[in-house]
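Peer 1: Okay, predicted coordinates and the sequence, questions at the end:
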Amino acid sequence: MNVKSDNIALGDREKPKLDLNVLGVLPILILFVVIFGLLEQRFLTVNNMTNILRQASVNIIIACGMTLVILTAGIDLSVGSVLAVSAVVAVNVSLSSHPELAIPIALLVGLGVGAINGLLIACFKMPPFIATLGTMTSFRGISYLLANGTTVINNDLPYEVIGNGTIFSVPWMVIIALLVFVVTWILLKRTVLGTRIYAVGGNILAAKYSGISVGVILVIVYALSGLFSATAGVVLSARLFSASGLLGISYELDAIAAVILGGTSFNGGVGGVGGTLVGALIIAVLNNGLVIVGVPYFWQQVVKGIVIIAAVLIDIYRQKMKK
Amino acid sequence: MTKQIHKIEANHISKTFPGVKALVDVSVYLNKGELLSIVGENGAGKSTLMKILAGVYTKDEGVGEVLIEGEVVDIRSPGDALAYGISIIHQELSVAEDITVAENIFMGREPLKNGIFVDRRKLIRDTQAVLKEIEASFKATDYPRNLSIAEQQVLEIAKAISQNSDVIIMDEPTASLSEAEMAHLFELIHRLKARGISIIYISHRLKEVVELSDRVVVLRDGAHVATMEKEEINEKDMVAHMVGRNLTEYYGELTLTPSSNKLMTVKDLADGHFVHDVSFDLFEGEILGLAGLVGAGRSEIAKLIFGIDKKISGEIILNGKTINDSNPIHSIDNGISYLTEDRKGLGLFLEMSSADNIALNVLNQIAQGGFLRGNSSRRFAKDYIKNLNIRLASPLTKARELSGGNQQKLLISRMISTQPKVLILDEPTRGVDVGAKSEIYKIIEKLVESRQMSVIMISSELPELIGLSTRVLVVRDGTIVHQIKDTNEITQEHIMAYAAGVKSPDYSYDQSAVGV
């Protein structure tokens, strides 16, 4: 066969070259670091950088789970509430006769309530937004109940080190966040499950026709999101030596913002956790930089919102240019 | 070309995308009331040309011009095109299903009362007038959700007419129509032409192009290779121009000799509302054609066998083993693959790489303990890309970026990657260009000849069904009404007689199938 039409249509010379889109919003992150660095010399210090990473770590952990969920064209609004429930459970167990079980039980709780989200969505075909809106509200209530409406405190928290300790001057929180990131990356890019997550998000019907158990994939994805939220809850409670029903309120918004900034499509099937990491760092740099530069609190909010919209606009525009 | 003034004329149009020349120096013209067909393989530039005329793309600056009735016009947006009286009816219809026909037709330009309120009565009246003009079978107050694809198409044509368009571009309008619906459409086209409306027609079905066209322009690789006037139009020359050589035959000439070993038996299959009493055997080394009109139930039968739809009764016996509780997962495990007719909707993962699209059903086999290497899919896909001659820039190229024929080959690769015993092909060459078609035929024949699998093939293109099948079952009203065993008797007339119900059902095949 000597039909060349397809080659022409594709562009013979279009070798997989360095695609600027791989970089995603990384240039924006660098831009902000440079701007804040120029505006305020206290910004670009090792100390402050460590601080930013520490501040970003909880959001990175949650946003990794959120990436999985959004890749399946879903959403998980319950992450902040799951974080609170797990944090309270962890501190409660640490005060019991088996403090060593604090972390395993907290993580199991996260995994379990995440699976509930998944079951509601997979078995009862509930829209993810509605299902997790419901569980968000209920889990928030449960976290208050478990904490008896107050703050549970343990000044002898056995796992306190993961919130406050460092190794080679890198905070444990940051290491855990990076671990979660690496695990998520490997899961998405190097496992059968990961490919299937992209498949379900990309074309759920084609996934069914390909013999993929869509329901199982969804349950796993929401369970993992719950597990990651619980991890964030444990880390946060370690940092605070305490937990309450007030923890993690509206954290889902920062996580969603990080995922979307990172270029993962709300329609599912497109994106990845690499972008999410950059997105979470952008948010953390903004939070930190705006304070250091001395922008008033209310203005910080305004600027953050604008940045998120602008970054996504730039991304949309760039995608268009590509076509 | 003469200095005569044409209704619409495009001269020396080029379109360059980054790195690709999609269209190079193409010229076409069309008079009032004429039908111009643009033919060419996928990727030849037909759609690009149409999209330039419809204002979706803009042509390269500085070269070429578009003239309407002799005046040079500058079309920069779909709105411009509409203002010049050019409407396009896309292959994938853009009808809003949950608002009425009238609201669809006058979307964005509803007649108003007091400047703000929609004048419903006038809306309905105007719509009804347009519908009457083109003798539509539905009403202004119907909801498109309840209309067939063919009717939705008529709705789009009505919309174009209500916009006073006198150039209508139709992109593959017959792609998903049945024979009867096609006949309707052709009638409507004749009526439109008689009213002085000019039509630009894109189709892969050359037979209808011959039937309808006043002029045919053939594109190949973005270039204009031929303009054929009415009297010169014939199928053979068009194909020759399209592929750049004489294509002696579409179908491979392998003589397949099915064995008498039963591979699969389907008994009394029914889905409870439409498909009923479907029984047949599939033998080793056979291509069993399922013929019938669109809507006869062929795909439905295939989906029951594959298990994506649930059967309420009946048995499927593969290699002597009864398959209970069939679902896609079991079917693929048991060796039944189903190539869907809806490539983009139910088959491909458009945003995933070509390699992943090929390897998707064998991930567990190429993984180790659930883990994949970065190049696992690519390595697996390599042989398929080579053997099926899939043309792509790289295995990492997204499926979205491939042409229809190559997308189809991706899917076929996925289907055969699990080494099925039974491969069900549902419209395997729909929307596929001539070159890729004959390649797909060869692939199918080779697979069957080497006894790797038997094929059940559904196709609305009778010539290909006739050319490939070793046996044909005719489906009508959800069941099998006739069997044609002798390949010499597999003819268009014979099949249509039973498919269209001219001859009453002949269930005698059933006895032989059960082996009485």
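Peer 2: Done, it's in.

Peer 1: you'd agree A:T135 is up against A:V79?
Peer 2: No - when contacts are counted by CB atoms under 8 Å, A:T135 is not listed as touching A:V79 (10.2 Å). Heads up, the C-betas are built off the backbone N, CA and C, glycines and all.

Peer 1: Who has more neighbours out of those two?
Peer 2: A:V79 (35 against 23; other CB atoms under 10 Å in any protein chain shown).

Peer 1: can you pull the contacts of the more buried one?
Peer 2: Counting by CB atoms under 8 Å, 6 or more residues apart in numbering or on different chains, A:V79 makes contact with A:62, A:65-66, A:225, A:228-229, A:232, A:248, A:251-252, A:255.

Peer 1: so the closest residue to A:L120 other than its chain neighbours is in which element?
Peer 2: Nearest residue to A:L120, sequence neighbours excluded (CB to CB, 6 or more residues apart in numbering or on different chains): A:A131, at 4.1 Å. Using DSSP states H and E, A:A131 maps to helix A:128-146.

Peer 1: returning to that earlier point: scan the contacts of A:V79 and report the most crowded one.
Peer 2: So for these (other CB under 10 Å), the most neighbours sit at A:S229, 36 neighbours.

Peer 1: SS state for B:M242?
Peer 2: helix (DSSP: H, G, I helix; E, B strand; the rest coil).

Peer 1: And the pLDDT for it?
Peer 2: Listed pLDDT for B:M242 reads 79.

Peer 1: Please report how far it lies from B:I116.
Peer 2: 53 Å (CB to CB, to the nearest Å).

Peer 1: Show me which of the two is the more surrounded one.
Peer 2: Each of B:M242 and B:I116 has its neighbours counted (other CB under 10 Å); B:M242 has more, 25 against 6.

Peer 1: what residues are up against the more buried one?
Peer 2: B:39-41, B:44, B:218, B:220, B:225, B:433-434.

Peer 1: Do you have the helices of the stretch 151-300 of chain A handy? List them.
Peer 2: Secondary structure of the stretch 151-300 of chain A (DSSP state H, counting those that start in this stretch): helices at A:161-164, A:172-190, A:192-202, A:204-209, A:214-240, A:251-261, A:273-293, A:297-322.

Peer 1: For the residue of chain B positioned farthest from its centre, grab phi and psi.
Peer 2: When distances are taken from the C-alpha mean of chain B, B:N114 lies farthest, 46.0 Å away, according to CA atoms, centre = their mean. When read as degrees, to the nearest 10, the backbone of B:N114 gives phi 50, psi 20.

Peer 1: Closest to the mean position in chain A, which residue would that be?
Peer 2: Most central in chain A (CA atoms, centre = their mean) works out to A:A63, at 0.4 Å.

Peer 1: Kindly provide the distance from that one to chain B.
Peer 2: 21 Å (CB to the nearest CB, to the nearest Å).

Peer 1: was I right about that residue contacting A:I260?
Peer 2: No - counting by CB under 8 Å, A:A63 does not reach A:I260; the two are 9.9 Å apart.

Peer 1: Tell me which stretches of the stretch 151-300 of chain B form helices.
Peer 2: Taking DSSP H, counting those that start in this stretch as the criterion, the stretch 151-300 of chain B carries its helices at B:179-194, B:206-212, B:235-243, B:298-306.

Peer 1: now the last one: how far from the chain's centre is it?
Peer 2: The reference is to helix B:298-306. 19 Å (CA atoms, centre = their mean, to the nearest Å).

Peer 1: before we move on, back to that, ok, and the most crowded of the contacts of B:M242?
Peer 2: B:E41 leads the contacts of B:M242 on contacts (other CB under 10 Å) with 30 neighbours.

Peer 1: which ones are touching that one?
Peer 2: A:3, A:5, B:220, B:242-243, B:405, B:433-436.

Peer 1: Take those residues and keep only those in helices.
Peer 2: Among these, the members falling in helices (DSSP state H) are A:5, B:242-243, B:405, B:434-436.
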